[in-house]
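Student: sequence first, predicted model second:
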Amino acid sequence: MEERVMDGEKGPRKVIVGTAVHPMYGWFPPMDERLDALAGGIDNMAEQAAQKYDGRHPDLVVLPESAVWGASGPAAEKCVPLDGPVLDVMGGKAREHGTNVVVSMFLRESDSDYSNAAVFLDREGQVVGIYRKVFPVVGSNGVLEGGVAAGKDFPVFDLDFGKVGAQICYDMMFDEGWPVLARKGAELVVWPTQSPQTARTRCRALRNGYYVVSSTWRNNAAVYEPTGMIAARITEPGVLVHEIDLEYALLQWDAGLREGAAMTERYGGRVGYNYYASEDRGIFWSNDPEMPIRQMVREAGFTEEQERWDHDRACQDEHRGGPPSLE
């Protein structure tokens, strides 16, 4: 697993994410109707966030793959420019609700430059950056998704709450991008997709040590923890709003931890966690702005799992006279 780089010790960093199951198969109304439907979904996420989290706004909204326009046909017909109605509506919703928005679309950047893209907008509706799908689906004629270009890199964007990367649908099937995003410091990866799969998604989150948020056309949209477990999900058309904390500690089984009860007894509601007895580990976070979760863990006498693994690996190497052979 990629080791998560700790930048000192920080207090809680709560982030409200919004995502959706939005079925769009064969639905090609005028562009304004499509954008209105997506805008309505963002409104619903904002309303749910306010109700669930004491009037707060979403920090990040993720729309499904190619949400802005259709998924079939030649690139020249289905790709649309960002400037104009798309940016007007999506940027307007970002400003209205004070949220970062990931707009997934078939993007026309010139008359010969097309891509399957995830456009990142900040809370003011300004473009932060664009991820272009590196692994588009190859059609029977050898053309990539109707004629889009394959992206060339895996950028990580600095949003106001943390570092976020993206992968799109078929990217899930290829190993290259996910560890690159971890190496570049991504704390959360958005995955706009038409596929609802969960097994690989859980593996990506677990293997690379970050949150993954999927936004889909059908069956499943979810928030995946760095534990590889699903923190929240919906399976029917609609929206999902869920709070995560990007300052967390992963603890593996310890008799004294008692599946998290020891932390609750010591800190009460100042600590939160999801502990999975079936996995012998859990994810813990602080609800106290004055005390980072790592301070809580140390004071309670526990060790984060990566630190424990590093210690044990060094001890094992010493006993065997070096690292094990990988031949």
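Tutor: It's in.
Student: where exactly do the strands run in the stretch 151-300 of the chain?
Tutor: Taking DSSP state E, counting those that start in this stretch as the test, the strands found in the stretch 151-300 of the chain are 156-159, 162-166, 188-192, 211-215, 221-224, 230-234, 238-245, 248-252, 271-276, 281-286.
Student: in the longest one, which residues are buried?
Tutor: Neighbour counts over strand 238-245 (16 or more other Cβ atoms under 10 Å) mark Val239, Leu240, Val241, His242, Glu243, Ile244, Asp245 as buried. C-betas here are computed from N, CA, C, even on glycine.
Student: before we move on, back to that, distance to Ala205 and mean pLDDT added to the strands of the stretch 151-300 of the chain, as CSV?
Tutor: Listed next are the strands of the stretch 151-300 of the chain as CSV, based on distance: least, Cβ to Cβ, whole Å; pLDDT from 0 to 100:
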stretch, distance to Ala205, mean pLDDT
strand 156-159, 16, 98
strand 162-166, 12, 98
strand 188-192, 8, 98
strand 211-215, 4, 98
strand 221-224, 4, 98
strand 230-234, 9, 98
strand 238-245, 12, 98
strand 248-252, 12, 98
strand 271-276, 13, 98
strand 281-286, 11, 98
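Student: for these, give me a markdown table that also has distance to Thr198.
Tutor: Output for the strands of the stretch 151-300 of the chain, formatted as a markdown table (distance: least, Cβ to Cβ, whole Å):
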| stretch | distance to Thr198 |
| --- | --- |
| strand 156-159 | 24 |
| strand 162-166 | 18 |
| strand 188-192 | 11 |
| strand 211-215 | 8 |
| strand 221-224 | 7 |
| strand 230-234 | 7 |
| strand 238-245 | 14 |
| strand 248-252 | 20 |
| strand 271-276 | 15 |
| strand 281-286 | 18 |
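Student: nearest to Val138, of those strands?
Tutor: Closest approach to Val138 among the strands of the stretch 151-300 of the chain (Cβ to Cβ): strand 188-192, 19.3 Å.
Student: just checking, Ala222 touches Ala205?
Tutor: No - with contact defined as Cβ atoms under 8 Å, Ala222 does not count as touching Ala205 (9.9 Å).
Student: packing partners for the longest helix along the chain?
Tutor: In the chain, ranked by residue count with DSSP state H as the criterion, the top helix is helix 31-52. For helix 31-52, the elements it packs on are strand 14-21, helix 85-97, strand 238-245, judged by 3 or more Cβ pairs under 8 Å, 6 or more residues apart in numbering; DSSP states H and E.
Student: tell me the mean pLDDT for the helix or strand just after it?
Tutor: For helix 31-52, the following helix or strand on the C-terminal side (DSSP states H and E) is strand 60-62. Averaging pLDDT along strand 60-62 yields 98.
Student: in the helix or strand bottoming out on mean pLDDT in the chain, what counts as buried?
Tutor: Ranking every helix and strand in the chain by mean pLDDT, DSSP states H and E puts helix 75-78 at the bottom, with a mean of 90. Buried positions in helix 75-78, judged by neighbour count with 16+ other Cβ under 10 Å: Ala75, Lys78.
Student: which residues does it contact?
Tutor: Contact with helix 75-78 is made by Ser66, Trp69, Gly70, Ala71, Ser72, Phe106, Asp111, Tyr114, Glu145, Gly146, Gly147, Val148, as judged by Cβ atoms under 8 Å, 6 or more residues apart in numbering.
Student: wait, a strand at the second one?
Tutor: Read that as Trp69. No - counting by DSSP: H, G, I helix; E, B strand; the rest coil, Trp69 falls outside a strand, being coil.
Student: please save the CA atoms from stretch 314-327 in CSV.
Tutor: What follows is stretch 314-327 as a C-alpha-only set of coordinates in CSV (Å, rounded to 0.1, in the frame of the first residue of the first chain):
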residue,chain,number,x,y,z
ALA,A,314,12.4,-3.5,10.4
CYS,A,315,12.5,-6.1,13.2
GLN,A,316,11.8,-9.0,10.8
ASP,A,317,14.5,-7.9,8.4
GLU,A,318,16.9,-7.7,11.3
HIS,A,319,16.1,-11.2,12.4
ARG,A,320,16.5,-12.7,8.9
GLY,A,321,19.6,-10.6,8.1
GLY,A,322,17.9,-8.4,5.4
PRO,A,323,14.7,-8.1,3.5
PRO,A,324,13.1,-11.3,1.9
SER,A,325,14.0,-12.3,-1.6
LEU,A,326,11.5,-11.2,-4.2
GLU,A,327,12.9,-13.5,-6.9
